[in-house]
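>>> below: sequence and its predicted model.
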Amino acid sequence: MASAKVPQGPQSPRSSPTPQGPLSGGGEDIGLRHDLAAALLPELDELTRRVVDDIHAHSGTYAAQNPVSREDLWRICRDNLLCALEDFGGLPPTGGDFEHAARETGRRRAEQNLPLDTVLQAYRRGGRVMWQVMAEYLRAGTGRREPGPGQREPGAVDRRDVELDVAGALWETIDRYSLVMAESYRLTQLEMQGRQDTRRVALFEALLDGRGSDPAVASAAAAALGVPLHDRYVIVVAAQDPAAPPNPAPVLDEHGLWSFWRPRSGRYAGIVRLAAGESGMLLELLRGRTGATAGVSPEFDRLDGAGRALRLAEQTLRTLPAKSGGAAAFDDRLTEVLLTGRHEIAARIVSRYLGPVLDTAAERDALLDTLRIWLDNGCSAARAAELLYCHRNTVLNRIGRVAELTGRSAESGEDRLGWALALRALPLSGTGDEPAPDDYWDVTPT
C-alpha cells in the first residue's frame, strides 16, 4: 500500500466528498459509513499495525523485508488506509486526492521491482483486515447514530444485510484503489524500461566506439547488458538486406545464443556471447536462418575488445557479395580482407596471373573451376577429377592449358600462390562476370 508523496500530474481532490459504491443512495447507509470511518481514524496506527502484521504473516516476500522494510510497509499502509477510510466514509481528504496513495504505491513498488501480484495480494490483505475491524464495530453496535426523522429503527434492518452492504462498499473501494495502483505500477515499469533501454544502447555504442578501455565504461556496459565483463564474445555486422529480418536476435535466442543488436549506419551491429563450440553454430544460423549477409569478428574475451572486433567484422562483411545471404568469420577470409580496399592491387594480381584465361570466353569457366578445385585439393589431379566427374588426364590438360596461357608453371610454388590469390581477388577486383560493389573499397569504419 503507498506513501504520502503526491505525484506530479493533474489531481482531482473532492471539495464535497460523496461516498461511492452500492450504499451511496441511502442516508442511513451514508451515515453509517461516515460513523465507521470516523470511529476508525483515531485508531489508524493500531489498524496499520494489524495490516502490516497480517501482510507479513501471509507473504514471505514482505516478511523478508527486502526490498520493502517494515518501516516502509508501515508508512505506505498507513497512507493507503487513511485515504481509503476518508474515501469510504465521505470525509474530506487530508492531503491531495483520495487515490494519490495508491498511485504512489504502484510507482514505488515498481521501482523496487516487487512483483505486481505480490502488491495486489497486500491490498487484498489490507482490505480483509479493514473489514474485520468494521465488522467488530458493527457487531458491538459501536458507531451507530440515533435514527433521524423518517428513518427506520436500527432493529428494523437485519444486521447481516447491513454487514453485506458495508462489505460491498468497502471492497468496491479496495478494488478501485487496486486498479489505480496497478495502472501506476505498469506505467512506471514502462518508464523504467525506456530509461534502461536508452542506457543499454548508449553503453553498447560506447563499447563499439572503443570507449570500453575505460574500466568504468566496460563495467557499466556489462551490468546494463546483463553479461560478464570476461567471457567469449564476437561482434557481428550484418547488412540490412530487404529479404533478411531486421534483427537476428530472436533466431539466435531460440538456439541459446545471447545477443544484443543495434542499427548502425545502415547495418546491424551485434554482440554475441558464445559457449564452447558455438562459433560454427552461429555461422550456420546466420546463413541458414536469418538470410543476412554478415561478417563475424574473431573471438575476444573482454568487453573492452568490442571496438577492435567491430572493425574486423566490418572488414569481413566487405569481402562478401552484397545481398548474398552469406556469412563468414574473419579468420576464414584473411586473404580477401587483405585484398579488399586495395582495388588496384587486386585487379593487378588478377591481370598478371589470370588475365589471358579470362580472355578465352569458350574455355574460361572450365579452366577457372578446374584450377580452383585442383589448388583447393593439394594440386591432386586424381582428387580434382573425382570432384569434377572427369578423367584425371582432363584435369592435367586443363591445368597445362592455364600454364600455357599465363606463362606460368604448374610446378612452381610461387605461381601456384599467384593463381590462388588471383582466384580470391577475382570477385573483389571488378574484373569478373559482375563488377565489385563500390562499398567493397570503402575502408572507413561505419
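All right, it came through fine.
>>> packing partners for the host helix or strand of Leu396?
Per DSSP states H and E: Leu396 is located in helix 392-406. In terms of contacts (3 or more C-beta pairs under 8 Å, 6 or more residues apart in numbering; DSSP states H and E), helix 392-406 is packed against helix 343-358, helix 364-376, helix 381-388, helix 413-429. To be clear about C-beta, it is placed using only N, CA and C from the backbone, and glycine gets the same treatment.
>>> select the longest strand from this structure.
In the chain, with assignment by DSSP state E, the single longest strand is strand 230-239.
>>> may I ask which helix or strand encompasses Ala269?
Assessed by DSSP H and E, Ala269 sits inside strand 267-273.
>>> go on, Ala224?
With DSSP H and E as the criterion, Ala224 is inside helix 215-225.
>>> shaky segments in the stretch 201-350 of the chain?
By pLDDT under 70, the low-scoring segments of the stretch 201-350 of the chain are 242-246, 276-277, 341.
>>> how are the strands of it distributed by residue range?
For the stretch 201-350 of the chain, applying DSSP state E, counting those that start in this stretch gives strands covering 230-239, 259-264, 267-273, 294-296, 300-302, 327-329.
>>> okay if I get those strands as a markdown table plus mean neighbour count and distance to Tyr137?
Shown next, in a markdown table, are the strands of the stretch 201-350 of the chain (neighbours: other C-beta atoms under 10 Å; distance: least, C-beta to C-beta, whole Å):
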| stretch | mean neighbour count | distance to Tyr137 |
| --- | --- | --- |
| strand 230-239 | 22 | 62 |
| strand 259-264 | 17 | 58 |
| strand 267-273 | 22 | 61 |
| strand 294-296 | 28 | 71 |
| strand 300-302 | 15 | 67 |
| strand 327-329 | 22 | 74 |
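>>> how about the ones you listed, which one is nearest Asp35?
With C-beta to C-beta as the criterion, Asp35 lies closest to strand 259-264 of these, at 60.2 Å.
>>> for that closest one, packing partners?
Using 3+ C-beta pairs under 8 Å, 6+ apart, strand 259-264 sits against helix 159-208, helix 249-254, strand 267-273.
>>> mind redoing it with 6 Å?
On a contact count with 3 or more C-beta pairs under 6 Å, 6 or more residues apart in numbering; DSSP states H and E, strand 259-264 meets helix 249-254, strand 267-273.
>>> possible to save those as TSV with distance to Glu191?
TSV is the format used below for the helices and strands packed on strand 259-264 (distance: least, C-beta to C-beta, whole Å):
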stretch	distance to Glu191
helix 249-254	23
strand 267-273	26
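>>> ok so, going back, ok, which of the helices and strands packed on helix 392-406 comes nearest Glu404?
Per C-beta to C-beta, nearest to Glu404 of the helices and strands packed on helix 392-406: helix 343-358, 8.9 Å.
>>> mind giving me the packing neighbours of that closest one?
Judged by 3+ C-beta pairs under 6 Å, 6+ apart, helix 343-358 is in contact with helix 392-406, helix 413-429.
>>> quick check: angle from that helix to helix 392-406?
Calculated by axes from the mean of the first three to the mean of the last three C-alpha atoms, to 10 degrees, helix 343-358 forms an angle of 120 degrees with helix 392-406.
>>> quick check: angle from helix 343-358 to helix 364-376?
If you take the same axes, to 10 degrees, helix 343-358 sits at 110 degrees to helix 364-376.
>>> next one: helix 343-358 to chain centre, how far?
48 Å (C-alpha atoms, centre = their mean, to the nearest Å).
>>> and that helix, what's buried?
Across helix 343-358, burial judged by 16 or more other C-beta atoms under 10 Å covers 343, 346-347, 349-350, 353-355, 357-358.
>>> equivalent analysis for stretch 280-288, please.
Within stretch 280-288, the residues that qualify as buried are 282-283, 285-287, counting by 16+ other C-beta under 10 Å.
>>> give me the contact list for it.
Stretch 280-288 is contacted from outside by 251, 294, 327, using C-beta atoms under 6 Å, 6 or more residues apart in numbering.
>>> render the CA-only coordinates of that stretch in CSV, please.
Extracted as CSV, the C-alpha positions of stretch 280-288 are listed here (Å, rounded to 0.1, in the frame of the first residue of the first chain):
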residue,chain,number,x,y,z
GLY,A,280,30.2,-22.8,-36.0
MET,A,281,26.5,-22.8,-34.9
LEU,A,282,26.5,-19.0,-35.1
LEU,A,283,27.6,-19.0,-38.7
GLU,A,284,25.1,-21.7,-39.7
LEU,A,285,22.3,-19.8,-38.1
LEU,A,286,23.3,-16.6,-39.8
ARG,A,287,23.5,-18.3,-43.2
GLY,A,288,20.5,-20.6,-43.0
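>>> check the offset of it from the chain's centre.
Centroid separation between stretch 280-288 and its chain, computed with C-alpha atoms, centre = their mean, is 22 Å.
>>> may I see the buried residues of the helix holding Leu396?
Neighbour-count burial for helix 392-406, counted by 16+ other C-beta under 10 Å, picks out 394-396, 398-399, 401-403, 405-406.
>>> in TSV: these, plus pLDDT and distance to Ala420.
Formatted as TSV, those follow (pLDDT from 0 to 100; distance: C-beta to C-beta, whole Å):
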residue	pLDDT	distance to Ala420
Thr394	93	21
Val395	92	17
Leu396	94	18
Arg398	93	16
Ile399	92	13
Arg401	92	18
Val402	93	12
Ala403	92	14
Leu405	92	17
Thr406	92	13
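>>> list just the nearest of those to Val52.
Distance to Val52 across the buried residues of helix 392-406 (C-beta to C-beta) is lowest for Val395, with 88.1 Å.
>>> so who does the closest one touch?
Contact analysis of Val395 by C-beta under 6 Å, 6+ apart lists 370, 381, 384-385.
>>> state the distance from Cys106 to Gln121.
For residue 106 the amino acid is Gly, not Cys. 14 Å (C-beta to C-beta, to the nearest Å).
>>> show me which of the two is the more surrounded one.
Neighbours were counted for Gly106 and for Gln121 using other C-beta atoms under 10 Å; Gly106 has more, 26 against 16.
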